[in-house]
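Colleague: Predicted coordinates and the sequence they were generated for:
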Amino acid sequence: MNKRIKIFYLILLFLITFHFKAIAEPTLVRSKSVENVTGDYLTMALTFNNDGTKMYTSSMRAGATGDRLYEYDLTTAYNISTATLRTSINVGTYSGSSTNIHGAMQVVFNNDGTKMFIADHHKTIIEWTLTTPYDIDTASTTYNAGQGYDTNANQKRPTSVAFNNDGTKMFVTGNHKAENPQSIHEYTLDTPFVIESGVTHVQEVQPDDLQSDYVDGIVFNYDGTKMFITSGGESGGDNKIRQYKLTTAFSIATLSLEGTVELSNYSGLGSGRETAFNSDGSKMFVIDVDAEVYEFDLTCNWSIIDGACDDPITTSDEGKDILSSIESQTATAKQIAIQASTPVLNRMYWLRRHRTSDQLSNQNIKFNFPNKTIASLAKVIPISEKSNNTLNKLSDSWSFWSEGSVSFGKTGDTSSSSSKKINTKGITLGMDKKISKNRLYGYALRFGNDDVDVGTSGTNLDTESFSLSVYGTFPHDDEKFTEGILGISTLKTDHLRKGGGSTRTGERDGAQIFGSLNYLSTYKKENFNITPNLRIDLSYTELSKYREKGPAALVYKAQTIETGMISTGFTISDILNFNTFTFKPNGGLEIGVDFSPSSDATYRYLSETTEYTKSIDQDSKNLRANIGFDLITDNGFSIMTIYERNQGDNAHSDTLYIGFGYIPSDNNEYALSLDNDKASLTYNKNLNGFDIRVNSNYNLMSSIPDYGATIELVSTF
């Protein structure tokens with residue numbers, strides 16, 4: 001290798017290293033000035049309430065009274081630019097005490113905001129009671145009566161206080177070099193978040209790297225496996241944030257330094273005092289002594305340095321949403337294959353019940369959706385026109401049909417995964433050709449939309465799918481059939497992941513092949529039929545790789561999903577003939593066993609090379625029950641409807657399938673529209689060149705009835 005090539009590779013290596021290092025550093029988003037008292041007052045505390053809609057700071061007057069605590073409202077969670085001062089209180093003196101706070105250095109809350117703790121630089125941690133959670137106007141304390149803890153025996157000048165998740169441990173840092181080394185103290189509490197009594201000093205740790213610095217802040221990550229120490233730039237401090245790894249959660253004896261961030265690298269950030277994080281660790285906040293709060297985006301959750309990221313599923317409560325999102329992507333791929341097959345199976349079931357009929361068109365249902373794609377799909381076949389005319393344009397032996405479905409479902413949460421609310425809607429347009437009384441083949445095109453809300457933070461997956469399938473029935477005799485479906489699907493998913501006030505977005509494509517084979521036999525007694533069946537459903541899906549945009553963004557590798565299910569059950573039907581119509585009730589029960597192999601989802605942080613893999617189990621058992629009816633009138637109107645309940649191990653769904661048909665006269669047209677939650681019926685009659693149109697609508701979901709009707713007279717010149 002010649003010298004030029006070596007130099008080229010060295011430069012390339014340097015650029016790559018610099019690139020990864022640069023994107024791993026916290027990114028300064030914005031800063032905001034907060035309230036302070038001029039003169040010799042210094043800004044100290046920084047913390048948020050549990051959902052990031054409130055922020056708290058303090059100002060201290062060194063060696064004198066008048067310390068204040070400030071409460072801000074944030075109209076956007078964890079966005080400091082939306083913070084406005086709501087109130088402030090004087091914490092320089094407190095009820096029942098003749099001693100003033102020497103310096104309000106830090107404030108923290110218990111889990112529900114009914115208790116507040118202030119680290120007083122004069123050797124005390126003071127406990128306050130709030131009658132309204134997180135409202136400091138309702139705070140009071142009786143420190144002289146015991147509502148607090150004297151740290152003098154271990155730390156004469158406390159600067160920060162923190163608790164573990166359940167309030168059974170307390171941690172205190174201090175910075176008085178002359179009387180104490182730069183130490184971290186760990187205490188146990190007999191009663192969670194109670195420091196009046198039952199407090200035991202467990203250990204003191206003096207990290208070598210802290211001994212020349214001025215320690216101000218201490219904060220832990222979600223599960224206590226990382227600790228962050230802020231050392232301000234005053235009195236010999238080096239203006240850094242140190243990140244430590246704890247091999248045992250919330251045990252400072254097991255800490256080891258992972259790295260530091262130089263706050264002086266950020267313009268204007270002179271002397272950092274306290275550090276805070278949003279709830280999922282994707283944002284960091286630092287307050288300096290000059291009353292300025294700085295907001296940073298992090299490239300991975302709960303890490304401010306390069307190469308120290310952990311699996312995002314296990315490092316925050318929002319990790320449950322990430323796992324649930326992965327599970328939803330896997331489950332949606334499986335459901336799309338089922339949703340594409342079910343209308344076709346319904347169609348073939350309908351044909352078996354009506355196989356002696358000459359007119360098998362069962363469409364004339366018009367679905368209007370705000371989505372432009374599905375609106376275009378609904379125009380593929382002019383379903384609001386006369387059926388006979390449409391059929392004649394192709395062949396006298398082709399029949400058309402359509403079916404719409406709306407499904408609502410929910411999957412409960414687990415110890416590691418958030419709950420999911422599932423809303424699915426779709427329309428299927430089909431055409432088939434009857435070869436004989438018991439044999440036919442056809443084609444079906446389905447558009448579906450699957451909307452999944454994950455958890456409670458706003459995470460959402462919105463999937464659009466197109467499915468094209470070919471199907472047929474193959475009779476063994478007059479009562480035994482084999483039905484087959486083979487199809488392909490395309491998927492496009494818009495991902496929205498929220499947590500801790502941060503939003504990440506991404507898009508993912510997918511391709512699928514699916515098939516279904518159903519064997520059934522019918523037993524008759526007059527008009528009553530019972531049909532046991534055995535069915536196998538298979539699908540193979542490939543989801544593309546994709547990356548998120550936003551703080552702590554993730555990159556997902558391509559994922560393969562293989563599914564298989566075997567089901568057995570029965571359907572029953574009857575025929576009731578009346579003077580002007582025929583009523584055919586039907587129902588069914590089916591037990592399914594999912595033998596799908598697990599699917600591996602691999603992901604990493606955008607800023608890191610370390611990959612994590614989560615194996616998603618798919619095997620399960622489910623019970624499916626349905627009930628419905630066909631109604632056929634002598635004047636050509638028909639309706640088919642099925643309600644289905646699908647119950648799985650930890651999930652359920654409710655689905656309504658509905659199909660309409662009508663053979664109109666030459667001058668009449670009918671159409672039913674379903675526009676999200678609003679149904680409407682349109683009637684059009686041509687009379688001597690004039691179109692008379694009657695329209696009506698009804699809101700299906702509104703608690704207040706919403707009904708309307710119009711009459712139009714239209715003529716075209």
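Modeller: Alright, I've got the coordinates.
Colleague: report the longest helix in the protein, please.
Modeller: What stands out as the longest helix in the chain, according to DSSP state H, is helix 319-353.
Colleague: helices and strands of this structure: which one has the lowest mean pLDDT?
Modeller: Counting by mean pLDDT, DSSP states H and E, the weakest-scoring helix or strand in the chain turns out to be helix 387-394, with a mean of 40.
Colleague: Mind checking what helix or strand follows that helix in sequence?
Modeller: Sequence order places strand 398-411 as the next helix or strand after helix 387-394, per DSSP states H and E.
Colleague: Run the angle between the longest helix of the chain and strand 398-411 for me.
Modeller: Between the direction of helix 319-353 and that of strand 398-411, the angle (axes from the mean of the first three to the mean of the last three CA atoms, to 10 degrees) works out to 150 degrees.
Colleague: how distant is helix 319-353 from the center of its chain?
Modeller: Between the mean C-alpha location of helix 319-353 and the chain-wide mean there is a distance of 19 Å, by CA atoms, centre = their mean, to the nearest Å.
Colleague: what's the answer for stretch 173-192, then?
Modeller: Relative to the centre of its chain, stretch 173-192 is centred 40 Å away, using CA atoms, centre = their mean.
Colleague: How far does that stretch stretch from one end to the other?
Modeller: When the termini of stretch 173-192 are compared using CA to CA, to the nearest Å, they are 20 Å apart.
Colleague: How about N460: which residues does it bridge to?
Modeller: N460 has these beta-bridge partners by DSSP bridges: D453, L496.
Colleague: How many residues are close by it?
Modeller: Around N460 sit 18 other residues, with neighbours defined as other CB atoms under 10 Å. Where you see a C-beta, it was placed from the backbone N, CA and C, and this is true even at glycine.
Colleague: ok, now L538?
Modeller: By the other CB under 10 Å criterion, the neighbourhood of L538 contains 16 residues.
Colleague: And the pLDDT for it?
Modeller: Among the per-residue scores, L538 shows a pLDDT of 96.
Colleague: And G63, by the same measure?
Modeller: Each residue has a pLDDT score; the one for G63 is 58.
Colleague: now swap in T456 and tell me
Modeller: In the prediction, the pLDDT value recorded for T456 is 89.
Colleague: Just read off the phi/psi values of it.
Modeller: As for T456, its main-chain torsions (degrees, to the nearest 10) stand at phi -120, psi 0.
Colleague: The one helix or strand I632 maps to: how far from the chain's middle?
Modeller: When elements are defined using DSSP H and E, I632 is found to belong to strand 620-633. Strand 620-633 sits 31 Å away from the centroid of its parent chain (CA atoms, centre = their mean).
Colleague: Pull out the buried positions in it.
Modeller: Neighbour-count burial for strand 620-633 flags N622, R624, N626, G628, F629, D630, I632 (criterion: 16 or more other CB atoms under 10 Å).
Colleague: Export only the CA atoms of the helix or strand just after it, formatted as PDB.
Modeller: From strand 620-633 onward toward the C-terminus, using DSSP H and E, the following helix or strand is strand 637-647. Taking Å, rounded to 0.1, in the frame of the first residue of the first chain, the C-alpha atoms of strand 637-647 are listed here in PDB:
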ATOM      1  CA  PHE A 637     -82.800  -6.100  -2.300                       C
ATOM      2  CA  SER A 638     -80.300  -8.200  -0.200                       C
ATOM      3  CA  ILE A 639     -78.200  -7.700   2.900                       C
ATOM      4  CA  MET A 640     -75.500  -9.900   4.400                       C
ATOM      5  CA  THR A 641     -74.100  -9.100   7.900                       C
ATOM      6  CA  ILE A 642     -71.800 -11.000  10.200                       C
ATOM      7  CA  TYR A 643     -70.700 -10.000  13.700                       C
ATOM      8  CA  GLU A 644     -67.500 -11.800  14.800                       C
ATOM      9  CA  ARG A 645     -65.700 -12.000  18.200                       C
ATOM     10  CA  ASN A 646     -62.100 -13.200  18.200                       C
ATOM     11  CA  GLN A 647     -60.700 -14.000  21.700                       C
END
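Colleague: Strand partners (parallel or antiparallel) of strand 637-647?
Modeller: Using DSSP bridges, strand 637-647 pairs in its sheet with strand 620-633 (antiparallel), strand 651-662 (antiparallel).
Colleague: So for S59, which of these sits nearest?
Modeller: Nearest to S59 among the strands paired with strand 637-647 is strand 651-662 (52.3 Å), distances taken as CB to CB.
Colleague: Counting neighbours, what do you get for T173?
Modeller: Look at T173: counted by other CB under 10 Å, it has 26 neighbours.
Colleague: which residues sit in contact with it?
Modeller: 155, 158-160, 182-185, 215-218, 229 (CB atoms under 8 Å, 6 or more residues apart in numbering).
Colleague: Could you list which of these belong to strands?
Modeller: Per DSSP state E, strands hold the following members of those: P158, T159, S160, I184, H185, V215, D216, G217, I218, I229.
Colleague: and which of those is nearest T82?
Modeller: Comparing every one of the ones in strands among the contacts of T173 with T82 (CB to CB), the shortest separation belongs to G217, at 23.6 Å.
Colleague: Just grab the bridge partners of the spatially closest residue to that closest one that is not a sequence neighbour for me.
Modeller: Of all residues beyond its chain neighbours, the one nearest G217 is T230 (3.5 Å), with distances taken as CB to CB, 6 or more residues apart in numbering. In this structure, T230 has the following beta-bridge partners (DSSP bridges): G217, I241.
Colleague: pretty sure T230 contacts A276?
Modeller: No - taking CB atoms under 8 Å as the definition, T230 is not a contact partner of A276, at 10.0 Å.
Colleague: more neighbours, these two?
Modeller: The neighbour comparison of T230 against A276 (other CB under 10 Å) goes to T230, with 31 against 24.
Colleague: The more buried one and P343: what is the separation?
Modeller: Using CB to CB, to the nearest Å, we find T230 at a distance of 60 Å from P343.
Colleague: now do G92
Modeller: Plainly put, G92 is 72 Å away from P343 if you go by CB to CB.
Colleague: Pick out whichever of these two has more residues nearby.
Modeller: Each of G92 and P343 had its neighbours counted (other CB under 10 Å), and the higher figure belongs to P343 (26 against 18).
Colleague: OK, contacts around the residue nearest to the spatial centre of the chain?
Modeller: With distances taken as CA atoms, centre = their mean, the residue of the chain nearest its centroid is T459 (2.6 Å). Contacts for T459 (CB under 8 Å, 6+ apart) come out as D321, S324, S325, S418, D453, L496, R497, K498, G499.
Colleague: repeat for S516
Modeller: Counting by CB under 8 Å, 6+ apart, S516 makes contact with S341, V344, L345, E483, G484, I485, R535, I536, D537, L538.
Colleague: That one in helix, strand or coil?
Modeller: Put simply, S516 is strand when judged by DSSP: H, G, I helix; E, B strand; the rest coil.
Colleague: For the stretch 351-500 of the chain, just list every one of the strands.
Modeller: Along the stretch 351-500 of the chain, counting by DSSP state E, counting those that start in this stretch, strands occupy 398-411, 420-434, 440-454, 459-475, 480-499.
Colleague: Output those as TSV; include the columns distance to D654.
Modeller: Shown next, in TSV, are the strands of the stretch 351-500 of the chain (distance: least, CB to CB, whole Å):
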stretch	distance to D654
strand 398-411	5
strand 420-434	10
strand 440-454	15
strand 459-475	19
strand 480-499	23
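Colleague: Could you tell me the least trusted of these?
Modeller: The minimum mean pLDDT among those belongs to strand 398-411 (a mean of 81).
Colleague: Now that strand: buried residues?
Modeller: Buried, per 16+ other CB under 10 Å, within strand 398-411: W398, S399, F400, W401, S402, E403, G404, S405, V406, S407, G409, T411.
Colleague: Dump those residues into JSON lines; add distance to M55 as well.
Modeller: JSON lines is the format used below for the buried residues of strand 398-411 (distance: CB to CB, whole Å):
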{"residue": "W398", "distance to M55": "67"}
{"residue": "S399", "distance to M55": "66"}
{"residue": "F400", "distance to M55": "62"}
{"residue": "W401", "distance to M55": "59"}
{"residue": "S402", "distance to M55": "55"}
{"residue": "E403", "distance to M55": "53"}
{"residue": "G404", "distance to M55": "49"}
{"residue": "S405", "distance to M55": "47"}
{"residue": "V406", "distance to M55": "43"}
{"residue": "S407", "distance to M55": "42"}
{"residue": "G409", "distance to M55": "39"}
{"residue": "T411", "distance to M55": "35"}
